[in-house]
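Asks: Here you go, sequence then predicted model.
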Amino acid sequence: MNCMHLTDTSHGVRNKCLQLLGNLGSLEKSVTKDGEGLAVRDVQKIIGDYFSDQDPRVRTAAIKAMLQLHERGLKLHQTIYNQACKLLSDDYEQVRSAAVQLIWVVSQLYPESIVPIPSSNEEIRLVDDAFGKICHMVSDGSWVVRVQAAKLLGSMEQVSSHFLEQTLDKKLMSDLRRKRTAHERAKELYSSGEFSSGRKWGDDAPKEEIDTGAVNLIESGACGAFVHGLEDEMYEVRIAAVEALCMLAQSSPSFAEKCLDFLVDMFNDEIEEVRLQSIHTMRKISNNITLREDQLDTVLAVLEDSSRDIREALHELLCCTNVSTKEGIHLALVELLKNLTKYPTDRDSIWKCLKFLGSRHPTLVLPLVPELLSTHPFFDTAEPDMDDPAYIAVLVLIFNAAKTCPTMPALFSDHTFRHYAYLRDSLSHLVPALRLPGRKLVSSAVSANITPHEDPSHQFLQQSLERVYSLQHLDPQGTQELLELTIRDLQRLGELQSELAGVADFSATYLRCQLLLIKALQEKLWNVAAPLYLKQSDLASAAAKQIMEETYKMEFMYSGVENKQVVIIHHMRLQAKALQLIVTARTTRGVDPLFGMCEKFLQEVDFFQRCFIADLPHLQDSFVDKLLDLMPRLMTSKPVEVVKIVQTMLRQSTFLHLPLPEQIHKASATIIEPAGESDNPLRFTSGLVVALDVDATLEHVQDPQSIVKVQVLYPDGQAQMIHPKPADFRNPGPGRHRLITQVYLSHTAWTEPCQVEVRLLLAYNSNSRIPKSPWIEGGEVSSQVETSIEGTIPFSKSVKVYIMPKPARR
């Protein structure tokens with residue numbers, strides 16, 4: 001490699017040369033310095049020489065080139081560490097920022113190496129030394145460097161615990177000097193031999209003047225580094241510090257306990273984003289901590305926050321928090337009920353929070369039961385109102401605690417048992433099955449010891465599907481009956497076992513497609529007189545259309561669908577297109593339209609072959625396998641003959657086995673608001689708009705920002721499609737999203753109030769899951785094939801809302 005331009009007077013030339021070295025430099029041991037036969041030198045040494053260049057832009061480029069070498073797989077030398085440390089005191093922030101990153105990289109490469117401490121005979125692990133230096137940069141003058149340093153601290157999990165804990169304490173650790181043993185101190189006093197009062201040996205001996213900066217074990221900035229980061233004036237630094245605390249606390253339970261007070265203090269930050277991040281962080285480390293009452297006080301004060309996101313994040317936090325005392329549980333309940341009174345829309349979130357709070361603390365809830373239920377040992381008390389959300393909240397807490405506390409039901413009054421029966425039916429997702437006196441325990445839960453394959457429900461599912469896949473030898477009538485029974489069983493299994501709902505619905509949908517195809521191809525329906533063609537064509541056409549819709553649902557409404565399922569789904573869709581071709585051929589007069597349709601269908605078959613060429617060996621004796629064998633004949637046949645061959649192949653094709661994926665979940669949505677219960681119409685002036693608040697929970701939806709839409713259907717048949725903003729989506733947990741948005745409704749004047757329907761749709765593109773083939777990318781697919789079909793699938797129940805556009809006043 002020729003490096004003569006590195007000595008150019010222009011900083012731009014030197015910059016570009018260093019970039020080239022970083023991107024193209026040989027990863028072998030050495031490169032040539034220049035073309036004049038100078039000594040062979042290491043590429044790292046060449047780049048390292050420019051760490052001390054006079055131009056800060058060149059120094060930055062040199063550090064970035066070194067980082068680029070690391071990204072390309074070259075192991076950096078440990079000697080670079082000392083050079084990078086000197087750059088931490090550079091005058092330019094770009095240099096310091098890049099140097100911090102380089103120090104972090106070297107510390108990850110050589111964590112256990114021992115480095116000496118300047119001006120002392122002490123030694124320290126390199127990762128600890130690097131940690132101290134990066135901590136020092138949290139107090140840098142540039143906020144960009146401070147953010148970078150704070151972020152990198154979170155990934156330094158190999159640091160010694162005493163250095164880690166020092167970051168939370170502003171007090172210097174014995175002036176950061178090594179603590180000497182009693183023997184060493186006594187030996188020093190004895191060897192001093194100075195005059196003294198006699199009370200204590202060497203008490204008046206002249207002390208040396210200590211330069212604490214010279215004998216530091218770690219940089220003074222490491223003391224209280226996180227304290228400085230959490231108190232920084234820039235909110236970006238505070239967020240980075242909170243994230244770093246989270247990562248370190250997850251790997252160290254003792255550190256999690258110590259940083260708890262600091263995280264709780266961040267709940268009162270002036271910036272909402274910082275408060276939200278602090279709550280999320282605390283939720284992630286909640287398994288390692290138990291809240292004291294004073295900490296719980298600070299946490300619960302956040303329930304007063306006007307931001308819905310903050311309140312709901314706090315409810316999520318309380319779901320997985322450990323509380324130390326019964327007073328703490330009582331305090332949490334009181335504050336949550338105040339929250340419910342002030343913000344009634346938080347009802348579902350608060351009920352869910354109390355469900356987990358009760359199940360985690362049964363022994364703490366037990367002594368509170370008489371007070372919470374207002375029971376008395378001698379007197380009957382009034383029966384509370386079951387429509388009161390606050391009373392339901394208390395019952396949810398108690399019933400979930402009673403699940404693992406068998407002595408609790410003895411404290412219940414008669415009406416509490418009645419209320420339990422009511423809530424168990426109406427809010428079964430919040431109220432568990434309890435073993436109550438004189439009542440049989442009804443539970444659908446499977447024992448935790450049973451593996452999924454030993455689970456009777458899972459075995460039933462497998463047996464049902466195996467029975468169906470042996471259908472080939474049954475008569476058509478028997479096949480239909482067995483399919484109908486199996487579909488019914490799978491649907492009921494999905495309702496009873498939520499864990500198997502996804503796979504049961506997925507299998508049932510596939511079987512439904514097969515059933516529709518078998519019904520549409522019945523021999524007796526096709527051997528009818530010409531006047532009856534029309535009715536049969538309508539039935540077959542409707543079946544083909546429904547199969548197409550069901551296959552799009554299978555492909556885009558389920559997460560966890562793999563390529564082997566996509567092949568079977570597209571094969572079923574191809575059969576539906578063949579059925580459409582047969583129906584159209586029977587009802588179309590003339591050869592020209594039929595010729596175009598046959599050509600298009602054959603292109604579809606060719607497109608299928610190109611997309612799924614790797615999977616064709618798994619489709620033996622299938623419809624497409626037989627078509628591909630006859631493809632040369634089909635290409636030269638007349639349209640009528642093509643239709644006959646396709647119809648014969650469709651009838652003779654075997655029922656393909658659908659392999660079930662490991663994890664499959666059906667996308668679903670529940671609209672919380674509008675509730676659709678109000679009889680009072682939303683009144684607004686015609687021609688103007690009214691804002692309708694929409695709040696929905698989404699389950700198992702991938703990338704909701706780009707595919708979820710809100711549809712409004714008006715009584716006159718008009719449909720309005722709204723694409724929510726990305727900021728309207730929240731992600732409270734894995735597999736779950738929350739949509740909180742506003743939909744603007746407008747219409748001309750009506751004579752009386754009417755209902756509009758609001759529902760959620762999933763948008764899809766038919767080609768989004770087709771594997772990329774080099775043939776397709778080469779552009780060989782005919783433009784006549786419909787390579788991309790876009791559509792929408794409803795995945796929530798419709799909610800009806802009364803509205804009343806009034807005529808404008810003149």
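Replies: Great, that's in hand. Numbering: from 1, shown residues only.
Asks: Which residue ranges make up the domains of the chain?
Replies: 1-110, 308-442, 456-652, 667-806 (automatic domain parsing).
Asks: Can you flag the weakest of the ones you listed by average pLDDT?
Replies: Comparing mean pLDDT across these, the weakest is domain 1-110, with a mean of 72.
Asks: and the nearest residue to residue 493 once chain neighbours are set aside, backbone torsions?
Replies: Using Cβ to Cβ, 6 or more residues apart in numbering and skipping residues adjacent in sequence, the residue nearest residue 493 is residue 504, 4.8 Å away. The way it works is simple: take the backbone N, C-alpha and C, and place the C-beta from them, glycine included. Backbone torsions of residue 504, given as degrees, to the nearest 10, read phi -70, psi -50.
Asks: Can you report how many residues lie near residue 504?
Replies: Applying other Cβ atoms under 10 Å, we find 26 other residues in the vicinity of residue 504.
Asks: Looking at the domains of the chain, spot the one closest to residue 164.
Replies: Nearest to residue 164, of all those, is domain 1-110, at 14.0 Å by Cβ to Cβ.
Asks: secondary structure class for residue 237?
Replies: In three-state terms, and counting by DSSP: H, G, I helix; E, B strand; the rest coil, residue 237 is helix.
Asks: Read off the pLDDT value for it.
Replies: Residue 237 is assigned a predicted lDDT (pLDDT) of 91.
Asks: So it is in contact with residue 151, correct?
Replies: No: using Cβ atoms under 8 Å, residue 237 makes no contact with residue 151, being 9.7 Å away.
Asks: Those two: who's more crowded?
Replies: residue 237 (26 against 21).
Asks: what about the longest strand in this structure?
Replies: The longest strand of the chain (DSSP state E) is strand 754-765.
Asks: Which strands or helices does it pack on?
Replies: The contact analysis (3 or more Cβ pairs under 8 Å, 6 or more residues apart in numbering; DSSP states H and E) places strand 754-765 against helix 533-556, strand 668-673, strand 690-699, helix 704-707, strand 708-713, strand 736-745, strand 790-794, strand 799-806.
Asks: Any idea which of the ones you listed gets closest to residue 53?
Replies: Shortest distance between residue 53 and these, using Cβ to Cβ, is found for helix 704-707: 44.9 Å.
Asks: Would you mark the buried spots in the closest one?
Replies: Judged by neighbour count using 16 or more other Cβ atoms under 10 Å, the buried positions of helix 704-707 are 704, 707.
Asks: what's next to that helix, contact-wise?
Replies: Helix 704-707 is touched from outside by 698, 701, 726, 729, 737, 739, 762, 763, 764, with contacts defined as Cβ atoms under 8 Å, 6 or more residues apart in numbering.
Asks: Pull out the CA atoms of that helix and give them to me as PDB.
Replies: Extracted as PDB, the C-alpha positions of helix 704-707 are listed here (Å, rounded to 0.1, in the frame of the first residue of the first chain):
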ATOM      1  CA  PRO A 704     -47.800  -1.800  13.200                       C
ATOM      2  CA  GLN A 705     -46.600   1.700  12.200                       C
ATOM      3  CA  SER A 706     -46.700   0.800   8.500                       C
ATOM      4  CA  ILE A 707     -49.600  -1.700   8.300                       C
END
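Asks: Contact partners for residue 803?
Replies: Residue 803 is in contact with 681, 682, 683, 684, 690, 745, 747, 753, 754, 755, 756, counting by Cβ under 8 Å, 6+ apart.
Asks: tell me the angle of the longest strand of the chain relative to strand 690-699?
Replies: With axes from the mean of the first three to the mean of the last three Cα atoms, to 10 degrees applied, the angle from strand 754-765 to strand 690-699 works out at 50 degrees.
Asks: Can you list the strands that strand 754-765 pairs with?
Replies: As defined by DSSP bridges, the strand partners of strand 754-765 come to strand 708-713 (antiparallel), strand 790-794 (antiparallel), strand 799-806 (antiparallel).
Asks: The residue nearest to residue 493 is in contact with residue 486, isn't it?
Replies: No: using Cβ under 8 Å, residue 504 makes no contact with residue 486, being 10.6 Å away.
Asks: Distance-wise, check residue 618 relative to residue 467.
Replies: 22 Å (Cβ to Cβ, to the nearest Å).
Asks: Those two - which one has more neighbours?
Replies: The neighbour comparison of residue 618 against residue 467 (other Cβ under 10 Å) goes to residue 618, with 15 against 12.
Asks: looking at it, the more buried one is touching residue 567, isn't it?
Replies: Yes: Residue 618 is within contact range of residue 567, at 7.3 Å (criterion: Cβ under 8 Å).
Asks: And the strands in the stretch 51-200 of the chain, which stretches?
Replies: Assigned by DSSP state E, counting those that start in this stretch, the stretch 51-200 of the chain shows strands spanning 114-116, 123-125.
Asks: name the element residue 606 belongs to?
Replies: Using DSSP states H and E, residue 606 maps to helix 592-611.
Asks: Would you tell me what the next helix or strand after that helix is?
Replies: Per DSSP H and E, the first helix or strand lying C-terminal to helix 592-611 is helix 623-629.
Asks: about what we covered before: would you mind finding the most buried of the strands of the stretch 51-200 of the chain?
Replies: Neighbour counts (mean count of other Cβ atoms under 10 Å) averaged over each of these peak at strand 123-125, with a mean of 16.
Asks: List the residues that contact residue 67.
Replies: Contacts for residue 67 (Cβ under 8 Å, 6+ apart) come out as 22, 98, 101, 102, 105.
Asks: Go again with 7 Å.
Replies: Residue 67 sits next to 101, 102, 105 when contact means Cβ atoms under 7 Å, 6 or more residues apart in numbering.
Asks: wait, which of the helices and strands packed on strand 754-765 is closest to residue 640?
Replies: helix 533-556 (15.2 Å).
Asks: and the helix or strand just after the closest one, what other elements does it pack with?
Replies: The element immediately downstream of helix 533-556 (helix or strand, assigned by DSSP H and E) is strand 558-559. Contact here means 3 or more Cβ pairs under 7 Å, 6 or more residues apart in numbering; DSSP states H and E; on that basis strand 558-559 packs against strand 665-666.
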